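> Sequence and predicted structure are below.
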Amino acid sequence: MKLALKKFDWILFIDVLLLTFIGLLFIFSAQLRSGNPMFYVAKQSTALGIGVALMLLVVSVRYELYSEYTKHFYFFAVLLLFAVLFFGTRIRGSKSWFDLGRFAFQPSEIAKIAFVLYFAGFIEKNRYRMKKISQLFTAFLTASICIILILLEPDFSSASVFIPIFLGMMYTGGLSKKIINFAIIFFVISLGLPFLEIYLTINNSYGFLIENFRIIYLCTILLLTIFVWFFIKFLRFKVTFKEYKTVILIILLGLITSISISGYLKDYQRRRMIVFLDPSLDPLGSGYNILQSRIAIGSGQLTGRGIFQGTQTQLGFIPDQHTDYIFAVISEEGGLIFSFIVILLYAVLITRGIIIARNAADRFGSLTAVGIVIMFSYYIILNLGMLTGIMPVAGVPLPFLSYGGSSLIANMLAVGLLMNIHIRRYAY
Amino acid sequence: MWHGENLGYSAESFSDRLNVLQFGIFFLLGIIFFRIISLQVIKGEKFRKISEENRIVIYSQPATRGKIFDKNMDVVVDNKPSFVVLFSRQTMEDEEVKNVIIKVARLLQRNDQFAHTLIEKTKTIPGKNFSLIKIAENISKEQAMRLAEKIPQLPGVVVRIEPVRVYKWGTSASHITGYVREASLGELSENTVLKAGDVIGKNGIEKQYDEILRGINGGSQVEVNARAVQKRILETVEPIDGDSIVLTIDKKIQTALSNHIQGHIGVAVAIDPNTGGVLGLASYPDYNPNLFVSGLQSWQLRYLLRSDKKPLWNRALQGQYPPGSVYKMVTAFAGLESGVITPQTVINCKGFIELGKYKQRFRCWAREGHGDMRLSEALAHSCDIFFYETGLKLGPTKLNDWAEKFGFGKKTDIDLPSEEKGLTPDRAWKKAKLHQDWYDGDTVNMSVGQGYIWTTPIQIAQFTSAIANDGIIFQPFILKKIIDAQGNVKFENVPKIKRELDITAENFSAVKKGMMEAVRYGTGKNAKVVGLSVSGKTGTAQNPQGVDHAWFVCFAPSEKPKIALVVMVEHGGGGGDVAAPIAGKILAEIFEKKMKPQMDADEHR
């Protein structure tokens, strides 16, 4: 324990505490108009206490021990995700909470960490088989269990975090570059085309193209296939690109997925995409949140409007201002100074995480650290990107700042894991 | 250390790939940071302004519109307090707006059509969504109470008391007062002083003197939160009420005019020949301006806007008709003053004259002819041949000069909106418009007020009053004075003389004698009133649209005229049969005399 304290990552710890305190201050400010801000602050502080305690608990056990039980953790998390579908409470349309009286608890928060641990263990075990497609497939299957269960709740934004964690850990875990290229092609096609379709719809410059989008689509695919096949078969065209068959297959798969995505997009999701592309199209409806938070951030200017003085915040123009939109409150009342401090603190958090991953004693530790870093980064980038209007609207919280007990506790647990890896970096 | 090793078969190490990952993350974080700088520093000023606009809402407090009085200070148009329902959509989605509006419509017991139009209206408000629009007014106290109870369930709805217009004289003075309506989008964009929901005058005095009556709206700058709940009042400006207007109209005369013109499609205008002030003006069909306040049913609106009878049309100013024999006085004055005839000139009427080499016949209305006629007899019997001959001697140019001297072919510039100017044709006009030469036949037609000539009843009234007062052409006016809310006079109108005609007294007396005789024994005897000397002239204007227009112009008492009256019935028939009795009844009512028992008119021109 003495050793542990000596090697304790104070920078990381203080960094995280500072973020949480800034969060508490602005949660207080954001809830001023509700008349009972202390209620929220007290709850969040309690969560912080529990989080720090759990963090110390996590730190006190050698993490090598965890590596032996990753499967159990993962199984337990999946079980919780199953249970929440049956016994959970529905809050805001998604059944993702266990109501435990004083505290509500979100199993998907725990699942993320369990998934990181399990996946780190999986890659560690199969590190010499990373090139095999079958391995990739198994990994993908295990990851999709969580994703599908969370999508069933349905909680789209919580489910989405698994994809970058999966991809990032596979990448750093040694996935062959070829497969990564294929994945990039696939995602660009399958996600880019629906966006393109909506973009064309709102700009409405090519009426014909939009009306017959799907038909043109299918025709293009068919023509391309015939054309390529013709080239290869009859002209004995020499293909220097070795993997052309796979590439074509991937492109086709991407096209088919994109059709099904644009076909099955829910109305509100389509609206969000439209709003992302041009929020002023719908300033009162879906674009309202984005516009108002952008106004709040902008009106903060350099020094801010002063704490508790932000009109956008105090008069309630910012939606969900103590949770997903807390950064709008911070930058309205604190100005660029506070925005900069927050981003700096996040940069320190990410840098520490990456340093810990680099210096970890073994592959398992490194990969766990990478998973956690990606999880934090994903949330930070998506949330801030959404508020500043450069990314689509997704309801993700800002780590350590947003109000939310289970999220804070889970984040503290993750920090505990990072610390643990840090302390035991010279174990061998 | 393990992380330096190659990963699987790849040539890269874990460290290499971690670098790529780190670069990616910081690259994105960097973009976000620059974006924040751009929002907060570069565009900060703009967003600060928007956030101010966000929280400050201006709730206008309407100024009370000025009243309208007649010359004896009898109230023509008043205001009364009324419950109005206002609505601001705030941040509501279309669906929520729809729900609220439908609830309000149910509480007010209106149909869904009503709700639908309101929903459309909420979509068209320019500018901010916190601005209040009026969705119902003149609701009963019970309805207001019922709504007020439900306010917590009706976000954005406000019930308050506002003054609304009451047209005390109702339909009788509709074409004088006009009416008020909420400004349309087009009017809002034309006049920047107006705000959505402001009421403006349409037609009549309400339109002509809108700016005087309107006053200046006050209001409060209120800080609101995102739900539009008022937080505190930043600044309040009291409204400045509009000034009131006193008209030259006399209630007794106006009532008489509108009572007797009713049922005919036509006009009755009375002018004070000593000032040019309009004593009364009635155009029928009329409309009830109060309906525009209480809300029109769709069939009512359709009738008002689409009906062939054009009830919104002020025929006294907007209607253009051939004047018929009424115009003979113009020919008479022209002839007398240019010396082609004298009061003693005798012209023989054998029932027709023949013109040109084809001997085209122009007939008198009396087929058998009137025999020898002097001017006054010709006017009394409305002999056409006398004026044909006079007109031919004069020629069209001189005839036209005199028409213009009497104010024809030009607007009278009365202070009421949408006046037409009529037409006095001449050679140049006919050449330009019809590409034809001017024939003697045209001169003959024009000398009895037929052909291409168009006049408005108000021009005829101006002309009649100029005969009555021996040659002074006053500009007709309707505004007597402007008084403020305390009753202080802010502006007093004075009669405006357009010009004084240089006509000798004996010529005047010759024409006036003819007019007097017309009523005594001639074509206008149906206008006879016991104990009142009336001078008048009938007119029966042929027109290609159908039955003749019936005219009767007169002034009374003949010796010292107090009133000049014009009655015109569109497609009414003979002037002596139709218009003269109406004028007689009007005069009898005004001067509280009796009509002579009705006799069959032996002549009608």
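Received, thanks. Numbering: from 1, shown residues only, chains lettered A, B, ... in the order given.

> Can you pull out the low-pLDDT segments for the stretch 101-250 of chain A?
Counting by pLDDT under 70, the ranges of the stretch 101-250 of chain A that qualify are A:102, A:131, A:199-214, A:230-244.

> Get me the contact residues on it for chain B.
A:127-131, A:168, A:171-174, A:176-177 (CB under 8 Å from any CB of the partner chain). All C-beta atoms are positioned from the backbone trio N, CA, C, and that covers glycine.

> so what pLDDT did residue 330 get?
Unless you meant another one, I'm taking chain A. The per-residue pLDDT reported for residue A:330 equals 93.

> Chain B is the one I meant
pLDDT, residue B:330: 93.

> on that earlier part again, list buried members of the residues of the stretch 101-250 of chain A next to chain B by neighbour count.
A:127, A:130-131, A:168, A:171-174, A:176 (16 or more other CB atoms under 10 Å in any protein chain shown).

> Now, those that are in helices?
A:168, A:171-172 (DSSP state H).

> of these, closest to residue B:150?
residue A:168 (55.5 Å; CB to CB).

> I'd say that closest one and residue A:375 touch.
No - the pair residue A:168 and residue A:375 fails to qualify as a contact (CB atoms under 8 Å) at a distance of 9.1 Å.

> Give me the residue at the spatial middle of the chain.
Because you didn't say which chain, this covers chain A. Nearest residue to the geometric centre of chain A (CA atoms, centre = their mean): residue A:161, 3.4 Å.

> think we crossed wires, I meant chain B
Chain B has residue B:203 as the residue nearest its centroid, 3.0 Å off, counting by CA atoms, centre = their mean.

> Distance check, that one against chain A.
37 Å (CB to the nearest CB, to the nearest Å).

> Quick check: the farthest pair among the residues of the stretch 101-250 of chain A next to chain B?
Among these, A:128 and A:168 lie farthest apart (CB to CB), at 20.4 Å.

> Number of residues surrounding residue 152?
Just so you know, I chose chain A. As a burial measure, residue A:152 scores 16 neighbours (other CB atoms under 10 Å in any protein chain shown).

> meant chain B actually
Neighbours of residue B:152 using other CB under 10 Å come to 6.

> helix, strand or coil for it?
With DSSP: H, G, I helix; E, B strand; the rest coil as the basis, residue B:152 sits in helix.

> Could you find the closest non-adjacent residue to residue A:398?
Excluding its sequence neighbours, the residue lying closest to residue A:398 (CB to CB, 6 or more residues apart in numbering or on different chains) is residue A:383, at 4.6 Å.

> can you confirm the one you found is in a strand?
No - secondary structure of residue A:383 (three-state DSSP): helix, not part of a strand.

> I'd assumed residue A:327 was in contact with it.
Yes - using CB under 8 Å, residue A:383 is in contact with residue A:327, at 6.7 Å.

> Neighbour count for those two, which is higher?
More crowded of residue A:383 and residue A:327, by other CB under 10 Å: residue A:327, with 28 against 25.

> rewinding a little: which one of the buried ones among the residues of the stretch 101-250 of chain A next to chain B is nearest residue B:396?
The closest of those to residue B:396 turns out to be residue A:168 (CB to CB; 99.7 Å).

> tell me the contacts of residue A:93?
residue A:154 (CB atoms under 8 Å, 6 or more residues apart in numbering or on different chains).

> quick one, phi psi at residue B:193?
Dihedral angles of residue B:193 (phi, psi; degrees, to the nearest 10) stand at phi -70, psi -30.

> Would you mind measuring from it to residue B:401?
In this view, residue B:193 and residue B:401 are 45 Å apart by CB to CB, to the nearest Å.

> more neighbours, these two?
Per other CB under 10 Å, whichever of residue B:193 and residue B:401 has more neighbours is residue B:401, with 16 against 10.

> Tell me which helix or strand comes right after the strand or helix carrying that one.
Assigned by DSSP states H and E, residue B:401 belongs to helix B:396-405. Per DSSP H and E, helix B:396-405 leads on to helix B:427-434 as the next helix or strand towards the C-terminus.

> Check whether residue B:203 really touches residue B:312, as I assumed.
Yes - look at residue B:203 against residue B:312 with CB under 8 Å: they come within range, at 6.7 Å.

> And the helix holding residue B:401, what does it pack against?
For helix B:396-405, the packing partners by 3 or more CB pairs under 8 Å, 6 or more residues apart in numbering or on different chains; DSSP states H and E come out as helix B:328-338, helix B:440-447.

> Point out the most buried one among these.
Ranked by mean neighbour count under mean count of other CB atoms under 10 Å in any protein chain shown, the helices and strands packed on helix B:396-405 are led by helix B:328-338, which reaches a mean of 24.

> which residues are contacting whichever helix or strand comes after that helix?
For helix B:328-338, the following helix or strand on the C-terminal side (DSSP H and E) is strand B:347-349. Residues outside strand B:347-349 that contact it (CB under 8 Å, 6+ apart) are B:341, B:364, B:366, B:369-373, B:378, B:383-386, B:389-390.

> that older thread, now list whatever residues contact both of residue A:383 and residue A:327.
residue A:398.
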